[in-house]
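**Q** dropping a prediction and its sequence here:
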Amino acid sequence: MNFKTGDKVVVIAGKDKGKEGKISHVLRAENRVVVEGVNIIKKHVKPNGQTAGSIVEVEAPIHASNVMIVDPKTGKRTRIGHSTDKKGNKIRVTKKSNESLN
């Protein structure tokens, strides 16, 4: 998976198609990401000793194939490629503008 926490992405499929947000959490084993403000669900929380029961809105994970990275130069969605920098380290680059993401 090419996504990291903090990447700005746009949703390309599903009920939140077109929404943009930052990745707050990456679930590599499940190939899913949690994006701020996207895929909001209502979760029923049981009461415990300190708090009363309530209905809380939380962000649920979305499959990584349903999001694309936002190009920092153009502001449009793009794919991610890999390249090496001058020191020989592997870096992520955008396909549209060849801009570094690291």
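**A** That came through fine.
**Q** going by C-alpha atoms from here, please, whenever you check contacts or count neighbours.
**A** Will do.
**Q** once you drop chain neighbours, what's closest to the most centrally placed residue in the chain?
**A** Closest to where the C-alpha atoms of the chain average out (CA atoms, centre = their mean) is Ile23, at 3.4 Å. Among residues not flanking Ile23 along the chain, Val35 sits closest, at 4.4 Å (CA to CA, 6 or more residues apart in numbering).
**Q** try Glu57
**A** Leaving aside its sequence neighbours, Glu57 sits nearest to Lys42 (CA to CA, 6+ apart; 4.5 Å).
**Q** what mean pLDDT does the helix or strand where the residue nearest to the centre of the chain lies have?
**A** Using DSSP states H and E, Ile23 sits within strand 20-27. Strand 20-27 carries an average pLDDT of 97.
**Q** swap in stretch 38-50?
**A** In this model, stretch 38-50 has an average pLDDT of 95.
**Q** break this protein down into its domains, please.
**A** When the chain is parsed with automatic domain parsing, its domains come out as 1-70, 73-102.
**Q** deepest of those, which one?
**A** Among those, domain 1-70 has the highest mean neighbour count (mean count of other CA atoms under 10 Å), at a mean of 16.
**Q** what segments of this protein are helices?
**A** Using DSSP state H, the chain contains no helices.
**Q** what segments of it are strands?
**A** Ranges of strands within the chain are 8-11, 20-27, 32-35, 40-45, 54-59, 62-63, 67-70, 77-78, 80-84, 90-94, based on DSSP state E.
**Q** farthest residue from the center of this structure?
**A** Distance to centre of the chain, CA atoms, centre = their mean, peaks at Gly49 (34.7 Å).
**Q** could you check how far that residue is from Lys42?
**A** Distance, Gly49 to Lys42, by CA to CA, to the nearest Å: 22 Å.
**Q** spatially nearest residue to Ala64 (excluding sequence neighbours)?
**A** Spatial nearest neighbour of Ala64, excluding adjacent residues (CA to CA, 6+ apart): Arg32 at 4.9 Å.
**Q** show me what the one you found is bridged to.
**A** Following DSSP bridges, Arg32 is listed with bridge partners Leu27, His63.
**Q** thanks again, I'm all set now.
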